[in-house]
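Generate a structure from the sequence data that follows.
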Amino acid sequence: MGNRLGIVLAAGKGTRMKSDLPKVLFPVAGRPMIAYVLDALRAAEIERLVVVVGYRADLVRETLGACADIEYVLQKEQLGTGHAVKMCHAALATHEGPALIVTGDSPLTQTESLRALLNDFETDQPACVLGTLHKPDPSGLGRILRDADGQFTGIIEEKDANDQQKQITEVNMSTYVFEPKALLESLEKLQNDNRQGEYYVTDCPGILIADGRRVRALPVLKPIEALSINTVEDLAIVEAELLKQDHYSPGGQVRPSGS
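Numbering: from 1, shown residues only. Below is the predicted model:
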């Protein structure tokens, strides 16, 4: 097992939450939602954590505290997930070993899923491996494209998908493991020619394939990992699911899943 780096994207405001609190700090079962993500990463034996902060960055730092394993990177302008990862250039440029990227608003992230992705990466040595899952209703999510042999060929966002592609149930959940140098090379080629004018890390696997690099997509994520939080209603659904999990204890503490 090589040295493992984890990048947590936590810079967003979360406009649809209707609050000035950074989205990743919204409490879920009594704890900030990002705390569960960090727990899962630590249980997956991530030795080095980089948290990308932006909106109300000082409050995020204050809430998480001075943990020895957390480094903070500031994204002054929120120009997309790809831009957020670009802010981690210094950490990535000196890192040897897998670089795991997750979002801070997914408290149902499962350690078992992260371990599966990391183990596959360390065994097979692709440029990237991304975690996917099959969702009966994939509405709003990027679909996973595969060739006739079942090999990953790319991700297509729903707004760009044709009717046939919209029937695909395997979806991208923004959970990636990259070889750091390959990631940096793909980040340099990112374009922001989309409606939002932003840079998306979602485009990096496709860039790597175009460059002749190997990318794998593994449907190893659990169905509950499709439950991320964008609204107050989502938060209530996720909290209810979290409280049903076998790693919840009535005292309000949640042990990392899969530990």
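
Contact partners for Ser113?
Neighbour list for Ser113: Gly131, Thr175, Val220, Leu221, Lys222, Glu225, Gly258 [criterion: CB atoms under 8 Å, 6 or more residues apart in numbering]. Quick note: C-beta positions are derived from backbone N, CA and C, even for glycine.

Please list the members of these that lie in strands.
Gly131, Thr175 (DSSP state E).

Please indicate which of the contacts of Ser113 are buried?
Gly131, Thr175, Val220, Leu221, Lys222, Glu225, Gly258 (16 or more other CB atoms under 10 Å).

count of neighbours near Asn3?
12 (other CB atoms under 10 Å).

got it, and Ala35?
With other CB under 10 Å as criterion, Ala35 counts 19.

Quick check: it is in a helix.
Yes - per DSSP: H, G, I helix; E, B strand; the rest coil, Ala35 lies within a helix segment.

And the pLDDT at it?
Per-residue pLDDT puts Ala35 at 95.

Which residues are in contact with it?
Leu64, Pro107.

so how far is Leu41 from it?
Distance, Ala35 to Leu41, by CB to CB, to the nearest Å: 11 Å.

any weak-confidence spans in the stretch 101-250 of the chain?
246-250 (pLDDT under 70).

Where do the helices of it begin and end?
111-124, 180-188, 204-210, 232-244 (DSSP state H, counting those that start in this stretch).

packing partners for the shortest one?
Which is helix 204-210. strand 128-134, strand 152-156, strand 170-178, helix 180-188, strand 215-218 (3 or more CB pairs under 8 Å, 6 or more residues apart in numbering; DSSP states H and E).

out of those, nearest to Val102?
Val102 lies closest to strand 170-178 among the helices and strands packed on helix 204-210, at 5.5 Å (CB to CB).

which other helices and strands contact the closest one?
Looks like strand 170-178 contacts strand 99-103, helix 111-124, strand 128-134, strand 143-146, helix 204-210 (3+ CB pairs under 8 Å, 6+ apart).

Among these, which comes closest to Glu45?
helix 111-124 (8.0 Å).

Alpha carbons of the closest one, as PDB, please.
The C-alpha coordinates for helix 111-124 follow below in PDB (Å, rounded to 0.1, in the frame of the first residue of the first chain):
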ATOM      1  CA  THR A 111     -15.300   3.200   3.800                       C
ATOM      2  CA  GLU A 112     -15.700  -0.200   2.100                       C
ATOM      3  CA  SER A 113     -16.300   1.500  -1.200                       C
ATOM      4  CA  LEU A 114     -13.200   3.700  -0.900                       C
ATOM      5  CA  ARG A 115     -11.100   0.700   0.000                       C
ATOM      6  CA  ALA A 116     -12.400  -1.200  -3.100                       C
ATOM      7  CA  LEU A 117     -11.400   1.700  -5.300                       C
ATOM      8  CA  LEU A 118      -8.000   2.200  -3.700                       C
ATOM      9  CA  ASN A 119      -7.200  -1.500  -3.800                       C
ATOM     10  CA  ASP A 120      -8.100  -1.700  -7.500                       C
ATOM     11  CA  PHE A 121      -6.000   1.300  -8.200                       C
ATOM     12  CA  GLU A 122      -3.000   0.000  -6.400                       C
ATOM     13  CA  THR A 123      -3.300  -3.400  -8.000                       C
ATOM     14  CA  ASP A 124      -4.000  -2.400 -11.600                       C
END
